[in-house]
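>>> what follows is a predicted structure for the sequence shown.
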Amino acid sequence: MSVFSKGVETVAVIDFETSGLGPGSGGRATEIAAVLVRGGQIVDRFQSLMHTGVWVPPFIEQLTGISNAMLDDAPPAAEVMRELAQFTRGCPLVAHNASFDRGFWQAEMAWAGCEPDPAHEFVCTVLLARRLYADAPNCKLGTLARHFQLPDSGRAHRALADASTTAHLLLRMKQDVAERFAADLGPLAVDHAVLSCLQRSSKTALKRAVQAHAKARLGAQALLLSA
DNA sequence: TGCCAGGCCCTCTTTAGGGCCTT
């Protein structure tokens, strides 16, 4: 069986709640969630508050509903990140505004002493949404959820709810990409590599990017089958 | 609360400015 016919690609959609806008400015993670997506559906979930000792400003407490008191009883951040690394091992990652989550991911993993996983390549649903949905009012997660009437995943700005909403958005995007580029992709699945290709291409180069990707994938598949 | 940071994209321009998105 070739790698292209397995159809078992699992991606991990993650979301951090934090005390600030970046680890470089003193921000630390307060909660993390990851949902595993495979075969067009969510197949597993991980969520945990995490104790770092950071103080959460009132605005963030109000925004997320995560209080300093809640974090006092949370498990140590390093312990949570090690569990998360195991939970997501071998999976490409997806996040809404991935540069934000990637910064905290790398910082918290490093503080936990976890080795980087080469499979953890990020795809950003904001970049994809800007490519695919020019008619959307904006590309905020909540706006896109309402725009596409995605399933209600619970309180916004909690990690599991936002990760679940992002996962539903990802599934919607895969469906739309498959329909929009059916002639170029043919029987190839819309996998993480396709989305990575799309998010790096300019709006006007979308079709060329998909065609180039499909051509490369078909060439690699032919090589494998002939080996 | 509002826009503190950082990364990315778009536009206009070719180096820089402005906007979006995340907590």
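In hand now; what should we look at?
>>> so the most centrally placed residue in chain A: helix, strand or coil?
By Cα atoms, centre = their mean, chain A has its centre lying nearest to A:Val94, at 1.6 Å. Under DSSP: H, G, I helix; E, B strand; the rest coil, A:Val94 falls in the strand class.
>>> name the nearest residue to it, ignoring sequence neighbours.
Among residues not flanking A:Val94 along the chain, A:Val13 sits closest, at 4.5 Å (Cβ to Cβ, 6 or more residues apart in numbering). C-beta: built from backbone N, CA, C; applies to glycine.
>>> isn't that neighbour right next to A:Ala163, touching?
Yes - look at A:Val13 against A:Ala163 with Cβ atoms under 8 Å: they come within range, at 5.2 Å.
>>> so for these two, which residues contact both of them?
Counting by Cβ atoms under 8 Å, 6 or more residues apart in numbering, the shared contacts of A:Val13 and A:Ala163 are A:Ala34, A:Val35.
>>> those two: which has the busier surroundings?
The neighbour comparison of A:Val13 against A:Ala163 (other Cβ atoms under 10 Å) goes to A:Val13, with 30 against 27.
>>> mind listing the residues bridging to the more buried one?
Residues in a beta bridge with A:Val13, per DSSP bridges, are A:Val35, A:Val94.
>>> ok, the residue of chain A at minimum distance from DNA strand B - how many residues close by?
Per Cβ to the nearest atom of the strand, A:Phe59 is where chain A lies closest to DNA strand B, at 1.8 Å. For A:Phe59, the neighbour count with other Cβ under 10 Å is 8.
>>> who touches it in this structure?
By Cβ under 8 Å, 6+ apart, A:Phe59 has no neighbours at all.
>>> buried sites along the strand or helix carrying it?
Here A:Phe59, judged by DSSP states H and E, is contained in helix A:58-64. Buried residues in helix A:58-64, defined by neighbour count with 16 or more other Cβ atoms under 10 Å: A:Ile60, A:Glu61, A:Thr64.
>>> my guess is A:Phe181 meets A:Ala212, correct?
No - taking Cβ under 8 Å as the definition, A:Phe181 is not a contact partner of A:Ala212, at 11.6 Å.
>>> in which helix or strand would I find A:Glu17?
Using DSSP H and E, A:Glu17 maps to strand A:10-18.
>>> does that strand reach DNA strand B?
Yes - contact of strand A:10-18 with DNA strand B (Cβ under 7 Å from any atom of the strand) involves A:Asp15, A:Phe16, A:Glu17, A:Thr18.
>>> likewise stretch A:85-96?
Yes - using Cβ under 7 Å from any atom of the strand, stretch A:85-96 reaches DNA strand B at A:His96.
>>> in a markdown table, list the buried residues of helix A:58-64 along with pLDDT.
What follows is the buried residues of helix A:58-64, written out as a markdown table (pLDDT from 0 to 100):
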| residue | pLDDT |
| --- | --- |
| A:Ile60 | 94 |
| A:Glu61 | 95 |
| A:Thr64 | 95 |
